[in-house]
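Undergrad: Let's see this in three dimensions:
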Amino acid sequence: MHIAICDDNIADRKHLERLLARESDRRKDTTGILYIDSYGNVDALTKSPMIYDLFFIDMTQLPPYGMETAILLREIGVTAPIVLCTSNIRYEDYANPPVDLLYINKPFKPEELSYIVNHVNKSKAKAAPTIEIRDDLNTYYIYEDDFIYAYPDGYRTKIVLKDGRVIMQLGTLQEL
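TA: Numbers count the residues shown, from 1 in each chain. Below you'll find the model as predicted:
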């Protein structure tokens, strides 16, 4: 499982890294290793967020703050669970937060982290896989049910989706 931590407080970020590393050590023989990437700003996090199965976010010093970061990830298309870590900002008190967010209070308790990782493992096992499609500028993660049809168009493949988007994939139909 790949986990991203985005926290502008380096001490809190390193503490969560250590707790998750210990959790990974406990799980290595059962559910597998936890791979942890740590970020101190949102720009770095949003470069390739689709590789992560779980996000821990607490941005309190400069905008975008934690809730705005979670909303941004959802707008990008991230479907992985997002955990907002409450410290200086109580994210639970926001008006109209996305309904699928999880919350955890600082200081972290190892049993709470274990519960969250177990929850994500169960959700991940049930989730439909996405297909990665690339055009000249973007990478898209599409569910199989979103496809209407695809056909070759020279050295590219034209893909038509249910929502009306047309993507010109780099590569052949066989590569799709």
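
Undergrad: what about the helices in this structure?
TA: In the chain, the helices defined using DSSP state H lie at 10-27, 42-45, 66-76, 110-126.

Undergrad: Using TSV, lay out those together with distance to Ile82, mean neighbour count and mean pLDDT.
TA: Where C-beta positions appear, they are placed from N, C-alpha and C, glycine not excepted. Output for the helices of the chain, formatted as TSV (distance: least, Cβ to Cβ, whole Å; neighbours: other Cβ atoms under 10 Å; pLDDT from 0 to 100):
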stretch	distance to Ile82	mean neighbour count	mean pLDDT
helix 10-27	14	16	93
helix 42-45	11	16	92
helix 66-76	5	18	90
helix 110-126	11	14	86
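
Undergrad: mind checking which of the ones you listed is nearest Ile142?
TA: Ile142 sits nearest to helix 66-76 of all the helices of the chain, at 13.9 Å, using Cβ to Cβ.

Undergrad: Low-confidence stretches in this protein?
TA: For the chain, applying pLDDT under 70 flags the ranges 127-128.

Undergrad: For it, identify the residue most remote from the centre.
TA: Gly154 (34.2 Å; Cα atoms, centre = their mean).

Undergrad: Would you mind confirming that Met1 makes contact with Lys124?
TA: Yes. Using Cβ atoms under 8 Å, Met1 is in contact with Lys124, at 7.1 Å.

Undergrad: Need the residues touching each of those two.
TA: Contact criterion Cβ atoms under 8 Å, 6 or more residues apart in numbering; residues shared by Met1 and Lys124: Asp53.

Undergrad: Please name the nearest non-neighbouring residue to Ser87.
TA: Lys106 (4.4 Å; Cβ to Cβ, 6 or more residues apart in numbering).

Undergrad: Lys28: neighbour count?
TA: 11 (other Cβ atoms under 10 Å).

Undergrad: next one: phi and psi at it?
TA: phi -60, psi -30 (degrees, to the nearest 10).

Undergrad: Who are the contact partners of it?
TA: No contacts exist for Lys28 under Cβ under 8 Å, 6+ apart.

Undergrad: ok, it to Glu112 distance?
TA: Per Cβ to Cβ, to the nearest Å, Lys28 is found 20 Å from Glu112.

Undergrad: just to revisit the earlier point, tell me which residues touch the residue nearest to Ser87, please.
TA: Taking Cβ under 8 Å, 6+ apart, one finds Asp12, Asp58, Cys85, Thr86, Ser87 in contact with Lys106.

Undergrad: go with 7 Å
TA: Residues in contact with Lys106 (Cβ atoms under 7 Å, 6 or more residues apart in numbering) are Asp12, Cys85, Thr86, Ser87.

Undergrad: repeat for Glu17
TA: Ile5, Ile36, Ser38.
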